[in-house]
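Student: Following is a predicted model, sequence given first.
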Amino acid sequence: MINLRDKGAEFWERSNRPVRVLTVFAIMAVVAALPYAGNTFLQTPVAAFDAVLVYPMGMFILMALGLNVVVGKSGMLDLGYVAFFAVGAYTMAILGTRTGLNTWEIMPIGIAAAMFAGVLLAIPTLRLRGDYLAIVTLGFGEIVRVSALNTEAIGGALGIAGVPFPPGLGFEYQLLDQKYFYWTILVMILLVIWVIRRLTVRRPGRAWESIRQDEDAAELMGVSTYKYKIWAFVFGAAIGGGAGVFYASRSMVIAPDNFTLNTSILILACVVFGGMGNIWGVIVGATILGYLPDRFRFLSDARLLLFGLVLVVFMNLRPEGILPRKKREKAIVKKGSGASL
Amino acid sequence: MRLELKDLHVHYGKIEAIKGISVVVNQGEIVTLIGANGAGKTTTLKTISGLRKVSSGQILFDGQDISTVPAHERVDLGISQAPEGRGIFPGMTVLENLEMGKFNRKDRKSEMDEDLDKVYTLFPRLKERASQAGGTLSGGEQQMLAIGRALMARPKVLLLDEPSMGLAPQMIANIFRIITEINKTGVTILLVEQNAQQALQRAHRAYILETGNVVKEAKASDLLNDPAVREAYLGTGAH
């Protein structure tokens, strides 16, 4: 199969600055115009298309980008990512309904709370590797959900209703026309992409990369692997928390049911499906996996079957995801195997 | 530079892998640890570089006990390791691998170029392969890369863990020749080997390890001619 990623990279390499700027603006224009494409073949049968663009699609992209830092870049399997999303969402819901603070004021608090949760989880667990880490993170995700479920002060199973919309910035956020929500989340996604790209070419990016490829060797090079793993975790948590704040503020109602293990798995599927480690792949993966279930909602429960089928077929055709990471990273060294020159 | 292990004990869980060894490495020497599988050679190196924790005993580096210093800070002190199985980063290019060797050093560009030149002079093959992924190199080239990468940190002492492992005889000879060359530039070397013949020919002094104990310490040339050693480790004893 053709490698779309390499084709894209090739085009980018060949292009000069004006062409690049033009391409970026063209793509941005198309993406920003999507809420107006509701009456085309893209229309989702039950939910309004502009709402689907915000959740699940936009939200999934945001979360998948965050999880990708942990799983794709640093190689730590986190199955409890939804916990950070939940912490952000509950921070918004609690502060939004009980204090006078608005969404934008709560945003940094929610992000900080998620980061704090990230540190709490990271410190005892990051000495573990691989499967063990996956199981502990899975447990953490469930602990957060079950704690919310059993804490009456934050609504228990009913959750929290009446979470306020974000205050408009010269426009009003509306329930029936969600394009402003969509554009806001686009800005958040762009911001996250920018930050991740800045970090990736700097020391943290190289440290994460080396940890993913060989943790012991990274330590021998002088990389403080423990510190950088915590950073990856906390950074991923911050993005999940930010997404959670926005999600709660848009949904008005949140309940523990919104934060099940399923969501963690789904976001991980977005990352793997799109192409672990490559942010463009992750975005494509989250877009498709966020969109498909709603597009085929008329199939009722059979849509999940179809969804599973798409996953299985695609992962067979493109085992490294739709847009895999750089090609040269595929080579795997077999330690000390066979005599060779 | 003086590296000294004093009555060092190391455990894996309840199993004692190193049972109180004492080893000295002096400035400018090539010292080798030889012994069979499971003797504790690799564990000893990993403990010096910090990947394994010390149960009791001391690791003295220039007289200072470094046994509680985390591994990533020992590089800054001047201890570099080319780990067992090479431990290169398969997805990074040769150049990126070499740059990783300087991760903690705030060197200027000129110093980086200078060190790259040194490594490329020792291993011209790495220069040819600079933009190739580490994982696509042959075993010998990967070993060169592992050693070259360790040198980028400007170590005082270089720890080499079985550099001959899995290599063809011609490449083994080549690697050992380069190890001597590196030593002549003033880098002290602690070499762990199963290939006792080559190691003893290149080293100044040697320690023989058996199940976590040092059973013999001598000049390498003496061991080469010791009938018992020849019998046990060189496979060329008197018949």
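Tutor: Perfect, I can see it now.

Student: Name the residues of stretch B:91-107 that are buried.
Tutor: For stretch B:91-107, the neighbour count (16 or more other CB atoms under 10 Å in any protein chain shown) marks B:91-105 as buried. Glycine gets a C-beta too; all of them are placed from N, C-alpha and C.

Student: ugh, typo on my part, it should be stretch B:117-126
Tutor: Across stretch B:117-126, burial judged by 16+ other CB under 10 Å covers B:118-120, B:122-123, B:125-126.

Student: check contacts around the closest residue to residue B:118 other than its chain neighbours.
Tutor: Closest residue to residue B:118 apart from its sequence neighbours, by CB to CB, 6 or more residues apart in numbering or on different chains: residue B:151 at 7.0 Å. Neighbouring residues of residue B:151 by CB atoms under 8 Å, 6 or more residues apart in numbering or on different chains: B:80, B:101, B:115, B:118-119, B:122, B:158, B:182, B:187.

Student: which of the residues in stretch A:47-59 are buried?
Tutor: Buried-residue list, stretch A:47-59, by 16+ other CB under 10 Å: A:48-59.

Student: ditto for stretch B:182-192
Tutor: B:182-183, B:187-192.

Student: repeat for stretch B:35-51
Tutor: Residues of stretch B:35-51 classed as buried: B:35, B:39-51 (neighbour count, 16+ other CB under 10 Å).

Student: if we look at chain A, which of those are close to it?
Tutor: B:49-51 (CB under 8 Å from any CB of the partner chain).

Student: With respect to residue B:59, which of those residues is nearest?
Tutor: Nearest to residue B:59 among these: residue B:50, at 8.9 Å, using CB to CB.

Student: Find me the pLDDT at that closest one, would you?
Tutor: Model confidence at residue B:50, expressed as pLDDT, equals 96.

Student: Quick one: residues contacting the nearest residue to it once chain neighbours are set aside.
Tutor: The shortest distance from residue B:50 to any non-neighbouring residue, by CB to CB, 6+ apart, is to residue B:71 (2.9 Å). Residue B:71 sits next to A:219-220, B:49-51 when contact means CB under 8 Å, 6+ apart.

Student: cool, residue A:253 as well?
Tutor: The neighbourhood of residue A:253, defined by CB under 8 Å, 6+ apart, consists of A:159-163.

Student: where exactly do the strands run in chain B?
Tutor: With DSSP state E as the criterion, chain B has strands at B:2-12, B:15-26, B:30-35, B:56-61, B:64-65, B:79-82, B:157-161, B:188-193, B:205-210, B:213-219.

Student: chain center to the longest one, what's the gap?
Tutor: Taking the mean C-alpha point of strand B:15-26 and that of its whole chain, the gap between them comes to 15 Å (CA atoms, centre = their mean, to the nearest Å).

Student: Need the CA coordinates for stretch A:50-70. PDB is fine.
Tutor: C-alpha atoms of stretch A:50-70 as PDB (Å, rounded to 0.1, in the frame of the first residue of the first chain):
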ATOM      1  CA  ASP A  50     -22.100  20.400  14.000                       C
ATOM      2  CA  ALA A  51     -22.600  18.700  17.400                       C
ATOM      3  CA  VAL A  52     -20.800  15.600  16.200                       C
ATOM      4  CA  LEU A  53     -18.000  17.800  15.100                       C
ATOM      5  CA  VAL A  54     -17.500  19.000  18.600                       C
ATOM      6  CA  TYR A  55     -18.200  15.700  20.400                       C
ATOM      7  CA  PRO A  56     -17.000  13.100  19.700                       C
ATOM      8  CA  MET A  57     -14.800  14.200  16.900                       C
ATOM      9  CA  GLY A  58     -13.100  17.400  18.200                       C
ATOM     10  CA  MET A  59     -12.900  16.000  21.700                       C
ATOM     11  CA  PHE A  60     -11.400  12.700  20.500                       C
ATOM     12  CA  ILE A  61      -8.800  14.500  18.500                       C
ATOM     13  CA  LEU A  62      -7.800  16.600  21.500                       C
ATOM     14  CA  MET A  63      -7.600  13.600  23.800                       C
ATOM     15  CA  ALA A  64      -5.900  11.400  21.300                       C
ATOM     16  CA  LEU A  65      -3.200  14.100  20.900                       C
ATOM     17  CA  GLY A  66      -2.700  14.100  24.600                       C
ATOM     18  CA  LEU A  67      -2.600  10.300  24.900                       C
ATOM     19  CA  ASN A  68      -0.200  10.100  22.000                       C
ATOM     20  CA  VAL A  69       2.400  12.000  24.000                       C
ATOM     21  CA  VAL A  70       2.200   9.200  26.600                       C
END
